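A.B. asks: After the sequence you'll find the predicted model.
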Amino acid sequence: MKVHDILIVGAGLAGMRAALAAPSHLDVALLSKVHPVRSHSVAAQGGINAALGENDSWEAHAFDTTKGGLYLGDQDAIEAMCREAPGDILDLERMGVIFSRDEQGRIAQRPFGGAGFPRTCYAADRTGHAILHAMYEQLLKRQAFVYEEWYVTSLIVEEGVCRGVVAWDLLKGGLHAIGAKAVILATGGSGRVFLTSTNAVINTGDGMALAYRAGAPLEDMEFVQFHPTTLKDTGILITEGARGEGGYLLNTLGDRFMKAYAPEQMELATRSTVSLAIGQEITEGRGVDGCVLLDLRHLGRARILERLPQIRELAIEFAGVDPIESPIPVRPGAHYQMGGVRTTQWGETEMPGLYAAGECACVSVHGANRLGGNSLLETIVFGRRAGGRAADYLREVAPRAISDAALRSDEARVKRLLANKGTERAWQIRDELGKTMAFNLGLFRTQKSMTEAFEKVRELSERAPHVFVQDRGKVFNTDLIQALELQCLLEVAETIVAGALAREESRGSHYRSEFPRRDDANWLKHTLAYRTPVGPSLRYAPVTITRFPPK
Ligand SMILES: Cc1cc2nc3c(=O)[nH]c(=O)nc-3n(C[C@H](O)[C@H](O)[C@H](O)COP(=O)(O)OP(=O)(O)OC[C@H]3O[C@@H](n4cnc5c(N)ncnc54)[C@H](O)[C@@H]3O)c2cc1C
């Protein structure tokens, strides 16, 4: 069996940054279910935060992040992220990322929601694309080994220590055990738990499910961010950068309704505030065909073409609207998982040998609501930190034979799936799950809606292992992969519902009609979900508070 020093599962920004952080003499491999530059990071639009401005400071960035997250983020981790952000942006620039510029030729920064200062660096509205490709070039230069189009089905855990993964080779078919002295999960988000989402179809929460099954806890999973502006019908993201550049939100009366909800910050209030406001406008009958309107016309043709070219293309192609001439119909949609595999600020999970970074991890810096531009930053800062810490850990690991028990067990699981008869297909259960979650755990949550969802998820989890896999072949069997992804989605969904049902307050993205207020006395604490045979077992952990007492 091949044994790498470090195996990184996921080749988006967090995975690539971790690989570049490990010293080059080590045997570091990346593994990804899609070609690295097709990872969801490539779709990031609006930008990445860092306090670069002369009158800005990392402390101000840390305060905005803490406050925006409704004080649920761990402030030591937030401080580390905001302090190190400017250095990381300069590193990215040295790697070749072409950031947009201001008139003086410095890296330009646009205002984003919940930020007291324009501190979001960007490359037009294709920031993720610019960073991911530049970093991929660095990996090519380093000749990093990539398992391209491999799908991880399990972690290999022996005596409580992570020693590698079991993975399916998509191109040729077949499962293989791959050993590693340290494994870093960088598998991204789980947006596809919801029917419509800004996330790519590959964002199925695999890494969270892998860690959870192996015994590591998931943290704060009930906090799922609904982005205020996603395109009607498809749920495609319309970046916050559109409002950052000066776009307005209008209801059917033509009013800029945000003045009733956040008179000072208006369209640039935090995402949870703007999403709830849009939800209320639509519920109270002031929407337009289930949406509100995002108006960019006053920005003018030249500015739209320069700063928001991709948004214009998406609106024309998917909604038949040219924002130069007409407002765009938008509504809130599932976007980002604030929770994830619980880690320290060095990416360490509770399991020796297992690290996590990026959206699949919960460090936690976003608390109950993430600020736009902080997620790309998180992937870079904590990807780098996890890569470095995993490399340090190698010194403690003694060489050891790895058993093939995990491989055999997954082989049996795949064999069972391929032998299923019946007619129910994975996509049908996936759709039912998506609808249940969107309907019952969307912007507004109630005891009744969540209890229904909980029962439904249970029922679907029982049906999922019996789905019919039509393609029995080995080469590029996406049918099989979807059946495996479905099991991950259900595992993740169950932790979201369990955490949300238990949390009897409203905070950030978690809004409960029966408990409309934030309750610091009882709920200023992290939810930890541990897997048991009868469902998630919840425990709680304190929030780290350093310089900003909750207000
Ligand atoms: C449309 C959109 C726009 C966004 N815009 C912004 C923005 O402007 N600013 C911002 O800060 N944030 C933004 N975000 C959020 C941000 O882009 C993501 O949180 C971040 O890019 C996630 O990076 P990652 O490296 O953690 O994961 P990803 O980039 O999602 O990569 C995950 C990797 O894991 C691999 N993988 C997953 N499961 C498996 C498995 N079982 N086996 C093998 N490989 C696996 C995938 O192949 C992939 O390589 C946006 C998100 C979306 C969806």
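C.D. replies: That came through, no problem.
A.B. asks: Buried residues, the longest helix seen in the chain. List them.
C.D. replies: Counting residues, the longest helix in the chain under DSSP state H turns out to be helix 478-502. Within helix 478-502, the residues that count as buried by 16 or more other Cβ atoms under 10 Å are 479-501. Backbone N, C-alpha and C define where each C-beta goes, glycine included.
A.B. asks: Chain neighbours aside, what residue packs nearest to the residue of the stretch 301-450 of the chain found nearest the ligand?
C.D. replies: Scanning the stretch 301-450 of the chain for the residue nearest the ligand gives G358, at 2.3 Å (criterion: Cβ to the nearest ligand atom). Once flanking residues are discounted, G358 sits nearest to A14: 2.6 Å by Cβ to Cβ, 6 or more residues apart in numbering.
A.B. asks: give me the number of residues near that neighbour?
C.D. replies: For A14, the count of nearby residues is 35 (other Cβ atoms under 10 Å).
A.B. asks: Now do the same contact list for it.
C.D. replies: 41, 186, 188, 357-361, 378-380, 382-383, 386 (Cβ atoms under 8 Å, 6 or more residues apart in numbering).
A.B. asks: cutoff 6 Å now
C.D. replies: 186, 357-358, 379, 383 (Cβ atoms under 6 Å, 6 or more residues apart in numbering).
A.B. asks: May I ask which two of those are separated the most?
C.D. replies: A186 and T379 (7.9 Å; Cβ to Cβ).
A.B. asks: And those two? Which one has more around it.
C.D. replies: More neighbours surround A186 than the other of A186 and T379, with 35 against 28 (other Cβ under 10 Å).
A.B. asks: I'd like the distance between the more buried one and G15.
C.D. replies: If you measure A186 against G15 using Cβ to Cβ, to the nearest Å, the figure is 3 Å.
A.B. asks: Name the residues contacting each of those two.
C.D. replies: Shared contacts of A186 and G15, defined by Cβ under 6 Å, 6+ apart, comprise I8.
A.B. asks: how close does the residue lying closest to T273 once chain neighbours are set aside sit to the ligand?
C.D. replies: Distances taken as Cβ to Cβ, 6+ apart put A262 closest to T273, at 5.6 Å, once the chain neighbours are dropped. Going from A262 to the ligand by Cβ to the nearest ligand atom, to the nearest Å gives 21 Å.
A.B. asks: State the three-state secondary structure for A262.
C.D. replies: Secondary structure assignment for A262 (DSSP: H, G, I helix; E, B strand; the rest coil): coil.
A.B. asks: Burial check on it, number of neighbours?
C.D. replies: 16.
A.B. asks: Now the phi/psi pair for it, please.
C.D. replies: The phi/psi pair for A262 (degrees, to the nearest 10) reads phi -150, psi 80.
A.B. asks: Same question for Y248.
C.D. replies: phi -110, psi 160.
A.B. asks: how far away is it from T120?
C.D. replies: For Y248, the distance to T120 - Cβ to Cβ - is 19 Å.
A.B. asks: Check T343 too.
C.D. replies: For T343 relative to T120 (Cβ to Cβ), the value is 25 Å.
A.B. asks: Kindly report the same for S403.
C.D. replies: 48 Å.
A.B. asks: circling back to that earlier point, what is the rounded mean pLDDT of the helix or strand that the longest helix of the chain is followed by?
C.D. replies: Moving toward the C-terminus from helix 478-502, the next helix or strand (DSSP states H and E) is helix 520-523. Average pLDDT, helix 520-523: 98.
A.B. asks: Check stretch 482-502 too.
C.D. replies: 98.
A.B. asks: what sits up against that stretch?
C.D. replies: Contacts of stretch 482-502 (Cβ under 6 Å, 6+ apart): 190, 193, 204-206, 208-209, 218, 221-222, 417, 426, 429-430, 437, 445, 450, 453-454, 457, 460-461, 464, 467, 469, 527, 529, 536, 538.
A.B. asks: Out of those residues, list just those in helices.
C.D. replies: Judged by DSSP H, helices contain the following of the contacts of stretch 482-502: 206, 208-209, 417, 426, 429-430, 437, 450, 453-454, 457, 460-461.
A.B. asks: on that earlier part again, comparing Y248 and T120, which shows the higher neighbour count?
C.D. replies: Taking neighbours as other Cβ under 10 Å, Y248 and T120 compare with T120 leading, 27 against 20.
A.B. asks: Okay, and the beta partners of that one?
C.D. replies: Applying DSSP bridges to T120 gives these bridge partners: N49, R110.
A.B. asks: just checking, it touches L371?
C.D. replies: No: counting by Cβ atoms under 6 Å, no contact exists between T120 and L371, whose distance comes to 9.2 Å.
A.B. asks: show me where the stretch 201-350 of the chain has helices.
C.D. replies: Applying DSSP state H, counting those that start in this stretch to the stretch 201-350 of the chain gives helices spanning 206-214, 241-244, 271-283, 301-307, 309-319.
A.B. asks: What lies in contact with the fourth one?
C.D. replies: Okay, so that is helix 301-307. Applying Cβ under 6 Å, 6+ apart, the set of residues contacting helix 301-307 is 245, 296, 312, 324.
A.B. asks: which of the residues you listed tops the neighbour count?
C.D. replies: L296 (26 neighbours).
A.B. asks: Against T270, how distant is it?
C.D. replies: Remark: distance between L296 and T270 (Cβ to Cβ) = 21 Å.
A.B. asks: what helices or strands is the host helix or strand of I78 leaning on?
C.D. replies: Following DSSP H and E, one finds I78 within helix 75-95. Identification of packing neighbours for helix 75-95 by 3 or more Cβ pairs under 6 Å, 6 or more residues apart in numbering; DSSP states H and E yields helix 58-68, helix 374-393.
A.B. asks: The contacts of stretch 482-502: which ones sit near the ligand?
C.D. replies: D206 (Cβ under 6 Å from any ligand atom).
A.B. asks: Find the closest residue to the ligand in the stretch 1-150 of the chain.
C.D. replies: G12 (2.1 Å).
A.B. asks: Just give me the neighbour total for the closest residue to that residue other than its chain neighbours.
C.D. replies: Leaving aside its chain neighbours, G12 sits nearest to S39 (3.5 Å; criterion: Cβ to Cβ, 6+ apart). When neighbours are defined as other Cβ under 10 Å, S39 has 28 of them.
A.B. asks: Correct me if wrong: S39 contacts G10.
C.D. replies: No: counting by Cβ under 6 Å, S39 stays clear of G10, with 7.1 Å between them.
A.B. asks: And for the residue of the stretch 301-450 of the chain closest to the ligand, the neighbour number?
C.D. replies: When neighbours are defined as other Cβ under 10 Å, G358 has 34 of them.
A.B. asks: Next, work out how far apart it and A214 are.
C.D. replies: Here the criterion is Cβ to Cβ. By it, G358 lies 18 Å from A214.
A.B. asks: That's all I had, so thanks and see you.
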